[in-house]
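J.: please work out how this folds:
(chains A and B)
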Amino acid sequence: MRVAQPERLRGMTSLVRMRLAGFLRGGRILAPAIAVLVVLGIIYGGGPSPAAVAYGYSAAALFPVLAWQSKLLLDTEPDTQRRLAGVAVGGRREAVAGLLAAGLLALLVCALAMGAPWLFNGIDTGRAVVSGTLLGVLAHLLAVPPAVALGALASRAVTGGVRNGIAVLVTSAVLVVVLGLEGSIAPWLVPPVMATARALNDVGTPPAATLALLVVWAVLWGGVALGAYARLRRTRT
Amino acid sequence: MRFDGVFFRYGRRAAWTLREVTRGIEAGQTVVVLGRNGAGKSTLLQLAAGVLRPSRGAVLDRPAIVGWVPERFPADQPFTAGDYLHRMASLRGRDASEADAWIERLLLTEHTGTRLSDLSKGTAQKVGLAQALIARPGLLILDEPWEGLDSIARTLIPEIVAEVTAGGGMVLVSDHRGEVGGLADAIYWQVADALVSEASAPVPALPDEVIIEVKVRRAESPRVVAGLQAEGHQILEVRDVAAAQPHQARPGPGLTITPGASSGREAGGSS
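T.: Sure, this is the predicted structure:
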């Protein structure tokens, strides 16, 4: 390879910035931003709740919005521009740059969604605020990789068209809830979004073993989904 | 670079768009791909660029830096032309100044502040050309580059192609209208019935051109020649007035314009 590695990495960060800029300037962020506001309004509208419980629900409710937002971000660029970007930085880096852009935006939205209730007295400051907030951070961090992976699997580069993409997104979002319910027949088929919310809803801090299981589960699910995305991107152009 | 037994189809059940393509391009070579619309020229070019992957076979020894000018520039993006080209330079790990050099050369300076979606088709096509050239490609792929370009840009393309090949690069150009006249030493491939075969240079359709003889003062001749060339005209000859004037006896297809007639025509045109 004649091109130096640092140059290639610089190219990838430039592509992340270009995609975020395209998404924000094109105004496509507006719809998911409104959805986030609605979610926050529903969760915190009823007065202050304990941090862990509120954040557990917040992460679960944000999951489909984050997935949708990731799909929108990846679909902003015209197909030909995506291919031009691939020629410029290399196919694999082009795909990774898209995931990074979607991941960064999802983290930003999570940070805003966790900060907002403090402004409106949405968090009960009486009990276990620090541990509850830390658990909330964990819950949101566990939601981001599966959400980005799901959005990527629903993106046009994989599904080819709007209808297929929306079908993948909606079906998966429904399955995440249905298969995530307590007593589900196959909970491991979906990321542990609902399981995390339940764990944070229990009185007291969940045991370390539960948290470890949730982390491993989310990482494995995200890894498998991202691997599937990488494979599909290689075979579909 | 080599196509090694490349097969390609757009779906598992689709018919082959290209079958068993085994051809090579040498360093410094220009290949013009001929064929009617829908024959698979664009597909072949995208396989060369690495945008498409062969269904079977492989494309080997592709240069590290590839410049691809798609047939239609994707103008539906919320960037201005200047911002877009600076970002594309950055994607290649290049400085903005390298994009500016191409902006100037392709006469895009006045359009740098225009949004991509507001550009005319020809100008958008030039932006597409610029993004491919910023990184000094070892393989330049031009998909119907003449489409929608004005005459000045048209004369630039052979120049740019010559620069890439002079630096040891390869150029792959598709052309369905046989407009390639200006590319020196090009070899030709014909795409038909999903097969790619070597072809001879297409017989150029008789061009709709005339020869104008103009008499100018010696001191002004370099400026006039440069001006006519800049407008895309071909200078066939510059000679002394004292030299023989064989045209008097042979009216033929040549058209002789005296300075008087010429200036009279200009006056008529501008009134």
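J.: and the single nearest residue of chain A relative to chain B, what element?
T.: Among all residues of chain A, residue A:7 sits closest to chain B, at 3.1 Å; criterion: C-beta to the nearest C-beta. Heads up, the C-betas are built off the backbone N, CA and C, glycines and all. Using DSSP states H and E, residue A:7 sits within helix A:5-25.
J.: who are the packing partners of that helix?
T.: Contacts defined by 3 or more C-beta pairs under 8 Å, 6 or more residues apart in numbering or on different chains; DSSP states H and E place helix A:5-25 against helix A:51-76, helix A:79-89, helix A:91-119, helix B:81-91.
J.: of all those helices, which lies closest to residue B:30?
T.: Checking the helices and strands packed on helix A:5-25 against residue B:30 by C-beta to C-beta gives helix A:79-89 as the closest, at 19.5 Å.
J.: just the angle between the closest one and helix B:81-91, please?
T.: 40 degrees (axes from the mean of the first three to the mean of the last three C-alpha atoms, to 10 degrees).
J.: helix A:79-89 vs chain B: in contact?
T.: Yes: Helix A:79-89 reaches chain B (C-beta under 8 Å from any C-beta of the partner chain) through A:79-81, A:83-89.
J.: top of those residues by number of neighbours, please.
T.: In terms of neighbours by other C-beta atoms under 10 Å in any protein chain shown, the residues of helix A:79-89 next to chain B top out with residue A:88 at 30 neighbours.
J.: I figured residue A:200 hits residue A:137, correct?
T.: No: at 11.2 Å, residue A:200 does not count as touching residue A:137 under the criterion of C-beta atoms under 8 Å.
J.: what do these two both touch?
T.: Residues touching both residue A:200 and residue A:137 by C-beta atoms under 8 Å, 6 or more residues apart in numbering or on different chains: residue A:55.
J.: more neighbours: which of the two?
T.: Shown here are residue A:200 and residue A:137; by other C-beta under 10 Å, residue A:200 has more neighbours (27 against 15).
J.: which SS class is the more buried one?
T.: Judged by DSSP: H, G, I helix; E, B strand; the rest coil, the three-state class of residue A:200 is helix.
J.: around chain B, pick out the residues from chain A.
T.: A:1-4, A:6-8, A:10-11, A:14-15, A:17-18, A:21-22, A:25-26, A:77-81, A:83-89, A:91, A:234-235, A:237.
J.: thinking again about what came up before, out of the helices and strands packed on helix A:5-25, deepest packed?
T.: Stretch with highest mean neighbour count among those: helix A:51-76 (a mean of 25; mean count of other C-beta atoms under 10 Å in any protein chain shown).
J.: thinking again about what came up before, the residue of chain A closest to chain B: how many residues sit nearby?
T.: There are 14 residues near residue A:7, going by other C-beta under 10 Å.
J.: wait, it sits on residue B:95?
T.: No: Residue A:7 is beyond contact range of residue B:95, at 11.2 Å (criterion: C-beta under 8 Å).
J.: how far off centre is the helix ranked longest in chain B?
T.: Secondary structure assigned by DSSP state H gives helix B:151-166 as the longest helix of chain B. Computed by C-alpha atoms, centre = their mean, to the nearest Å, the chain-centroid distance of helix B:151-166 equals 6 Å.
J.: do that helix and chain A come into contact?
T.: No: using C-beta under 8 Å from any C-beta, helix B:151-166 stays clear of chain A, coming no nearer than 15.5 Å.
J.: helices or strands up against that helix?
T.: With contacts defined as 3+ C-beta pairs under 8 Å, 6+ apart, helix B:151-166 has these neighbours: helix B:121-133, strand B:139-143, strand B:170-174.
J.: for the stretch 151-271 of chain B, what spans make up the helices?
T.: For the stretch 151-271 of chain B, the helices defined by DSSP state H, counting those that start in this stretch occupy B:151-166, B:221-230, B:259-270.
J.: roughly how far is the shortest one from the heart of the chain?
T.: Offset of helix B:221-230 from its chain centre (C-alpha atoms, centre = their mean): 22 Å.
J.: check which residues of it are buried.
T.: Buried residues in helix B:221-230, counted by 16 or more other C-beta atoms under 10 Å in any protein chain shown: none are found.
J.: so what touches it?
T.: With contacts defined as C-beta under 8 Å, 6+ apart, helix B:221-230 is touched by B:152, B:155, B:214, B:216, B:235, B:238.
J.: from those, which would you call buried?
T.: Among those, the ones that count as buried by 16+ other C-beta under 10 Å are residue B:155.
J.: check the offset of stretch A:179-192 from the chain's centre.
T.: Here stretch A:179-192 is found 18 Å from its chain centre; the criterion is C-alpha atoms, centre = their mean.
J.: which single one of the contacts of helix B:221-230 is nearest to chain A?
T.: Taking C-beta to the nearest C-beta as the measure, chain A lies nearest residue B:152 of the contacts of helix B:221-230, at 24.3 Å.
J.: quick check: residues of chain B near chain A?
T.: Residues of chain B lying near chain A (C-beta under 8 Å from any C-beta): B:46, B:49-53, B:64-68, B:70, B:72-74, B:76-79, B:87-88, B:90-93, B:131, B:135.
J.: ok, the closest residue to residue B:121 other than its chain neighbours - contacts?
T.: Once flanking residues are discounted, residue B:121 sits nearest to residue B:148: 4.3 Å by C-beta to C-beta, 6 or more residues apart in numbering or on different chains. By C-beta under 8 Å, 6+ apart, residue B:148 lies in contact with B:120-122, B:125.
J.: neighbour-wise, give me the winner out of the residues you listed.
T.: Ranking the contacts of residue B:148 using other C-beta under 10 Å puts residue B:125 first, with 26 neighbours.
J.: from what I can see it touches residue B:75, true?
T.: No: Residue B:125 is beyond contact range of residue B:75, at 9.6 Å (criterion: C-beta under 8 Å).
J.: can I see the domain layout of chain B?
T.: Each domain of chain B is listed here as a residue range: B:2-199, B:212-270, per automatic domain parsing.
J.: most tightly surrounded among the ones you listed?
T.: domain B:2-199 (a mean of 19).
J.: quick revisit: what's the angle between the longest helix of chain B and strand B:170-174?
T.: 140 degrees.
J.: so residue B:68, which state does it fall into?
T.: strand.
J.: surely it touches residue A:88?
T.: No: contact criterion C-beta under 8 Å: residue B:68 and residue A:88 do not qualify, at 9.1 Å.
J.: let me know the pLDDT of residue B:179.
T.: Listed pLDDT for residue B:179 reads 66.
J.: I'd like the distance between residue B:133 and residue B:101.
T.: 9 Å (C-beta to C-beta, to the nearest Å).
J.: do residue A:55 as well
T.: Going from residue A:55 to residue B:101 by C-beta to C-beta gives 52 Å.
J.: for the residue of chain B found nearest chain A, which non-adjacent residue is closest in space?
T.: In chain B, the residue found nearest to chain A is residue B:93; the distance is 3.1 Å by C-beta to the nearest C-beta. Leaving aside its sequence neighbours, residue B:93 sits nearest to residue A:7 (C-beta to C-beta, 6+ apart; 3.1 Å).
J.: could you do residue A:138 as well?
T.: Counting by C-beta to C-beta, 6+ apart, the residue nearest residue A:138 is residue A:211, at 7.1 Å.
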